[in-house]
Structures are given as structure tokens and as C-alpha cells.
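Participant: Make a model of this:
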Amino acid sequence: MTDRAERQYELVYILPADTTEQQVTELHTQVEAVVSRMDGKIEKTENWGRRKLAYEISHQKEGVYVLQVINGSGELMKELDRRLRVMDQVIRHLVVRVDQEKNVVERTRSKRVADSQRRRVKRGLPPVRQPGEGRPAGEVEEPDDDRFDGMEV
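Facilitator: Model (predicted):
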């Protein structure tokens, strides 16, 4: 079964720390060629630069991180995964489906609203908060804790 639905993915790959800007651009061009050939679209590319790795990978302690947000099919991501796996210049890579996370957030938010409405009805209140109910709109509760003294907001 092929996955032709257009979905949003985040692709993060790590290159060795001694990778030049030209090599990063060449790899980006290769990824872009695969994406365009398989009817995908790169929404955003961020070069996070050289960062320390959480643990040593292939005798490397630092790496160049690159993030790309890609719209495309599951087949496109399978092909990118396959190609990145065999590239020597890529230390590690990870593909995450972003739209799935957005759906989880939306479901959680709607469940929270439904629970709130259910509790309000149970207490004899209207399901939706009325204007003027609760704290005034512009008022922000200040922390009473001393630990926050002297900190900038």
C-alpha cells in the first residue's frame, strides 16, 4: 500500500564537525533533488551550525546540525531515509511526522475544553465562561515567591 497523502515531516541530519559550508550546500542540493523528483516541497531549511553531540558517534564529539521541514508523501520520506542511511557524510538523521503531533495537540486541547465544560455544567454554571467572570482580563497574577526577585521578565 502506497502512502500518497501530503504530510509534513521534519528531517534533522548531523554532519561531521569539519564539514564545510559548500559540503552542506551540496547535501542540501541532493536532498532537494530527491524531494522535487518525488513531488515534495521543502518548506524551510535551518542550519543550526556546529554543536556538541550528546554522546560520541563514529569518534565525533561535535557535529553540524541541519533541519528541514518537508511536505510530501511517506514514499518520499522512505526514499530520503534510504539515501541518507548510505551517505558517508551523514553521521545521523531523524525523520519525524509533524502533522501527527499537531493532531495530538488538537485532540488534547478539545478534550480539555470538553472536560472543562462538563465540570462547569456539573457545578451549575454555563458550559462556556462568560465575559467578566473570573479574573479581569488584563490582570496577571504575580508570584509570591522570593526566588523570582531580581529576575528579568
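
Participant: When you work out contacts or count neighbours from here on, use the C-alpha atoms and nothing else.
Facilitator: Fine.

Participant: List the buried residues of the strand ranked longest in the chain.
Facilitator: Looking only at the chain and at elements set by DSSP state E, the strand with the highest residue count is strand 41-57. Taking 16 or more other CA atoms under 10 Å as the basis for neighbour counts, the residues of strand 41-57 that come out buried are 41-42, 50.

Participant: From Lys122, how far off is Lys44?
Facilitator: Distance check for Lys44 against Lys122: by CA to CA, to the nearest Å, it reads 47 Å.

Participant: for the record, mean pLDDT for the longest strand of the chain?
Facilitator: When the per-residue pLDDT values of strand 41-57 are averaged, the result is 92.

Participant: What lies in contact with it?
Facilitator: 17, 32, 35, 60-72, 91 (CA atoms under 8 Å, 6 or more residues apart in numbering).

Participant: Could you identify the buried members of those residues?
Facilitator: In those, the ones that pass as buried (16+ other CA under 10 Å) are 17, 32, 35, 62-72, 91.

Participant: circling back to that earlier point, ok, the longest strand of the chain: who's next to it in the sheet?
Facilitator: The strands that strand 41-57 pairs with in its sheet are strand 60-72 (antiparallel) (by DSSP bridges).

Participant: Report the buried residues of the longest helix seen in the chain.
Facilitator: Longest helix in the chain by number of residues, with DSSP state H as the criterion: helix 98-122. By neighbour count on 16+ other CA under 10 Å, the buried set for helix 98-122 is 98, 117.

Participant: Now do the same for the residue lying farthest from the centre of the chain: helix, strand or coil?
Facilitator: Distance from the C-alpha centroid of the chain, by CA atoms, centre = their mean, peaks at Gly124 (40.6 Å). Assigned with DSSP: H, G, I helix; E, B strand; the rest coil, Gly124 falls in the coil class.

Participant: So it versus Val113, what's the distance?
Facilitator: Between Gly124 and Val113 the distance is 17 Å, computed by CA to CA.

Participant: one step back: just checking, what packs against the longest helix of the chain?
Facilitator: Helices and strands touching helix 98-122, by 3 or more CA pairs under 8 Å, 6 or more residues apart in numbering; DSSP states H and E, are strand 7-16.
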